[in-house]
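*Asks:* Here you go, sequence then predicted model.
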Amino acid sequence: MTDVFDVLAADHAEVRKMLAELQQGPTRATGATRDQLLLRKKMAEDLVIAESRHEALEEMYFWPAVREHVPDGDALADEAINQEQEGKATLGKLDKAQADQPEFEALLGAFIKAAHEHIHFEETRVWPRARTALRAQEAEDLGTRIAEGRKTAPTRPHPLVPGSPEALKTVGPAAAAMDKIRDAATGRGN
């Protein structure tokens, strides 16, 4: 298994690719057809699913390790979790919006900007310190837990759930189960 940085880097690469595709359009304002707007909505749903899983797993596993092992880890984790909570609120609204609504593009634009800033923060400010602080086995164990956790992680943002590992480990499985039931009933994520 690869270490936590490889696992998280793969997630970041996937999200960057999704963001780039969504930035290219076409949009309602540029004359997108109904089918193109439906595809755009589906792409946004896929983004919401990927980000919801990623952030929940980071909050359950990665940020507690940063707090425990990295000097000034509490401040770094707090800043990251605040960014993630704001992102969840935006993603929750985006998930409910339709691609033919003006607010869809405004929400998407706000999330794209925030996501790039958050990824940059993690990769340039947190990861270098965490790479130094974590032993190789700890980094590998974290990578395994995060990779395996994708199967049971929430697929929707839950901004009202505190970004603490205890809350996520308690509420997260129930939220994830409800997400999967809702996704199956609506065909979301297929």
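*Replies:* That came in fine, so what should we check first?
*Asks:* how near is Ala80 to Gln24?
*Replies:* From Ala80 across to Gln24, the span is 28 Å (CB to CB, to the nearest Å). To be clear about C-beta, it is placed using only N, CA and C from the backbone, and glycine gets the same treatment.
*Asks:* These two: which is more packed in?
*Replies:* Ala80 (22 against 8; other CB atoms under 10 Å).
*Asks:* Could you tell me how far that one is located from Ala130?
*Replies:* 11 Å.
*Asks:* what does Glu122 give?
*Replies:* From Glu122 to Ala130 the distance is 9 Å (CB to CB).
*Asks:* can you check Arg150 too?
*Replies:* Look at Arg150 and Ala130: by CB to CB, they are 20 Å apart.
*Asks:* List the contacts of stretch 24-41.
*Replies:* With contacts defined as CB atoms under 8 Å, 6 or more residues apart in numbering, stretch 24-41 is touched by 22, 98-102, 104-105.
*Asks:* Which of the residues you listed are buried, as a ChimeraX select command?
*Replies:* The ChimeraX command for the buried members of the contacts of stretch 24-41 (criterion: 16 or more other CB atoms under 10 Å) is given here:
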select :22,99,104,105
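*Asks:* Reformat the contacts of stretch 24-41 as TSV; add distance to Ala136, secondary structure and pLDDT.
*Replies:* Shown next, in TSV, are those (distance: CB to CB, whole Å; DSSP: H, G, I helix; E, B strand; the rest coil; pLDDT from 0 to 100):
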residue	distance to Ala136	secondary structure	pLDDT
Leu22	36	helix	95
Gln98	47	coil	95
Ala99	44	coil	95
Asp100	50	coil	94
Gln101	48	coil	92
Pro102	49	helix	88
Phe104	44	helix	96
Glu105	44	helix	95
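*Asks:* ok, of the contacts of stretch 24-41, which one's closest to Met60?
*Replies:* When those are ranked by distance to Met60 (CB to CB), Leu22 comes first, at 26.8 Å.
*Asks:* Quick check: the closest one touching Gly109?
*Replies:* No - using CB atoms under 8 Å as the test, Leu22 is too far from Gly109 to be in contact (9.5 Å).
*Asks:* out of the contacts of stretch 24-41, who's nearest Gly92?
*Replies:* In terms of CB to CB, no member of the contacts of stretch 24-41 lies closer to Gly92 than Phe104, at 13.2 Å.
*Asks:* The closest one and Lys93 touch, don't they?
*Replies:* No - contact between Phe104 and Lys93 fails when scored by CB under 8 Å: they sit 9.3 Å apart.
*Asks:* next helix or strand past the host helix or strand of Gly109?
*Replies:* Gly109 belongs to helix 102-121 when assigned by DSSP states H and E. Using DSSP H and E, the helix or strand that follows helix 102-121 towards the C-terminus is helix 127-133.
*Asks:* For this structure, just list every one of the helices.
*Replies:* 4-23, 34-57, 63-69, 73-96, 102-121, 127-133, 136-149, 165-186 (DSSP state H).
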